[in-house]
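Enquirer: Take this sequence and fold it.
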Amino acid sequence: MERTNYQKKQESHKRQKQLQWLRLAIQILFLGIFIGGMYRILKPGFIIFLPLAFLAGNYFCGWVCPFGTLQEILGKIGTLLYPKKLRMPSALQQYLQYSRYLLAIIAISHVASVYVNLSNINAYKTFIHGMTGSAAQITAVIIMCSFLVAALFFERPFCNYCCPEGIKYGLASFARILTIKRDVYNCAQCKRCDKICPMNIEISTKSNVRNAQCINCFKCIEACPMADTLSYGLVNPLKELGKNFPITQLLKK
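Expert: So this is what the prediction gives:
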């Protein structure tokens, strides 16, 4: 007997719920590893996530990074206080999504390093390595805490706009052969996927999510009300590589 669309959606929803519980378990595991003081010891092994990003997208930021996990936890707490999350207006988001690239360029430029070592005020590094007492580190702690407070009201604010760590995984993911795909003919254009995406990607406008912001959280697939409209699978990485590269998207604006 052929399954109805409702049955397919129920089965898909169940699988996605199980996947989200698995992701949460892995996130809590690595957050526990961080709290237990083992994260810095294990971190060199995380290099495996870079070649994985070339193949299947960015799993580090959405599944492993303890700072990203903490922002998600605070986001859940914030939802209890303020149910409707604040979102950056699309007119600003289309430009601000490139801010972390600009910050990375400034941080590694020779001119900037003459005046100040900007890596010292990297909130991610401060979170991982801890406060040392220097003025730069104290500044970084203040910045880090500011992002954590902002996470109560905005989804993953540091990940969206300032994290230099996510850049390498995001850029590598443009070559991915496994990605989130959208069936444009079956899509109801309800835009639930856009609303649930913590990285502010307009999924409803794409045939596949080849975006440097994507962290493979798969919340969009879980939120989709149409069976098999959003899925994760094989795509041709060469077909849309050029038009989805960050500088290409920016030049289109």
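
Enquirer: At which residues are the strands of the stretch 51-200 of the chain located?
Expert: 178-182 (DSSP state E, counting those that start in this stretch).

Enquirer: which stretches of it aren't confidently modelled?
Expert: 107-137 (pLDDT under 70).

Enquirer: Which residues in stretch 34-41 does the neighbour count mark as buried?
Expert: Within stretch 34-41, the residues scored as buried using 16 or more other CB atoms under 10 Å are F34, Y39. C-beta: built from backbone N, CA, C; applies to glycine.

Enquirer: May I have the distance across that stretch, first residue to last?
Expert: 10 Å (CA to CA, to the nearest Å).

Enquirer: Let me know the average pLDDT across that stretch.
Expert: The predicted model gives stretch 34-41 an average pLDDT of 88.

Enquirer: With adjacent residues omitted, what lies nearest to the residue minimising distance to the centre of the chain?
Expert: Closest to where the C-alpha atoms of the chain average out (CA atoms, centre = their mean) is I215, at 3.5 Å. With CB to CB, 6 or more residues apart in numbering as the criterion, I215 has its nearest non-adjacent residue at 3.3 Å, and that residue is G62.

Enquirer: so who does that neighbour touch?
Expert: G62 is in contact with R23, G68, I215, N216, C217, counting by CB atoms under 8 Å, 6 or more residues apart in numbering.

Enquirer: Tell me the spacing between it and C197.
Expert: Using CB to CB, to the nearest Å, G62 is found at 11 Å from C197.

Enquirer: which residues touch C214?
Expert: G57, N58, G170, S173, T179, I180, M199, I201.

Enquirer: From I201, how far out is it?
Expert: From C214 to I201 the distance is 6 Å (CB to CB).

Enquirer: now swap in N216 and tell me
Expert: 12 Å.

Enquirer: again with P83
Expert: 22 Å.

Enquirer: So for those two, which sits in the more crowded spot?
Expert: Between P83 and I201, I201 has the larger neighbour count (other CB atoms under 10 Å), namely 21 against 7.

Enquirer: The more buried one belongs to a strand?
Expert: No - going by DSSP: H, G, I helix; E, B strand; the rest coil, the assignment for I201 is coil, not a strand.
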